[in-house]
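Peer 1: Sequence plus the predicted model coming up.
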Amino acid sequence: MGDSLITVVTILLAAILMFIFPMMAISERNDDVSELTVQTAVAEFVNNSRNIGKITEANYSKLISTLNSTGNTYDVQMEVQVIDENPAKKGPITSGETKIGENIYYSIYTTQILEDLEADGTKYMKEGDILTVTVSNTNNTISQMLKNFFYGLTGNDTYSIVGSLSGIVTVDGK
């Protein structure tokens, strides 16, 4: 009886070592490749948008298409911090026309940006605005499921694939 128990335990251990750990390694590698794809797509989208001063429907569609090619579902969050210049000029007593005052930013978020894209296909930005894009997966990948099963490390609110970038717009879009 003792020999058969040891044999069963040995077979289970061999199965885990031969199948489960390689499957975990491959699934983690897939998540790494997906994360690299997401980060590259987000960087391309943000850099292109800030260099031309506008978010176009074509660029946004290209971002979504690239994200969908990974086989996961994603939550795309965009924010444009619009610079609201509040310049004042120094009085006539001082020489030169130097601007004084603060620049204040107000934010426009994903739903407002998408409304502008639906209306005319373009969200215009101006020089000095800040564009921030954050992408995170919404589905559980195989790697997440295996980690949940074996380690209990990840939860429902944990994202394994995330890409984020922000940048200052360098030209006026109009």
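Peer 2: Everything's here; your move.
Peer 1: these two touch, right, residue 84 and residue 104?
Peer 2: Yes - the criterion here is CB atoms under 8 Å, and residue 84 meets it with residue 104 at 4.8 Å. The way it works is simple: take the backbone N, C-alpha and C, and place the C-beta from them, glycine included.
Peer 1: So for the two, which residues contact both of them?
Peer 2: With contacts defined as CB atoms under 8 Å, 6 or more residues apart in numbering, no residue is shared by residue 84 and residue 104.
Peer 1: ok but residue 164 is inside a helix, no?
Peer 2: No - counting by DSSP: H, G, I helix; E, B strand; the rest coil, residue 164 is not part of a helix but strand.
Peer 1: next one: phi and psi at the nearest residue to it once chain neighbours are set aside?
Peer 2: Closest residue in space to residue 164, ignoring its immediate chain neighbours: residue 134 at 4.3 Å, by CB to CB, 6 or more residues apart in numbering. The phi and psi values for residue 134, taken as degrees, to the nearest 10, are phi -130, psi 130.
Peer 1: pretty sure residue 134 is in contact with residue 46, am I right?
Peer 2: No - contact criterion CB under 8 Å: residue 134 and residue 46 do not qualify, at 10.4 Å.
Peer 1: Settle it for me: which of those two has more neighbours?
Peer 2: residue 46 (23 against 16; other CB atoms under 10 Å).
Peer 1: Which secondary structure element is home to residue 132?
Peer 2: strand 130-137 (DSSP states H and E).
Peer 1: and stretch 132-141, which residues are buried?
Peer 2: By neighbour count with 16 or more other CB atoms under 10 Å, stretch 132-141 contains the buried residues 133, 134, 135, 136, 137, 141.
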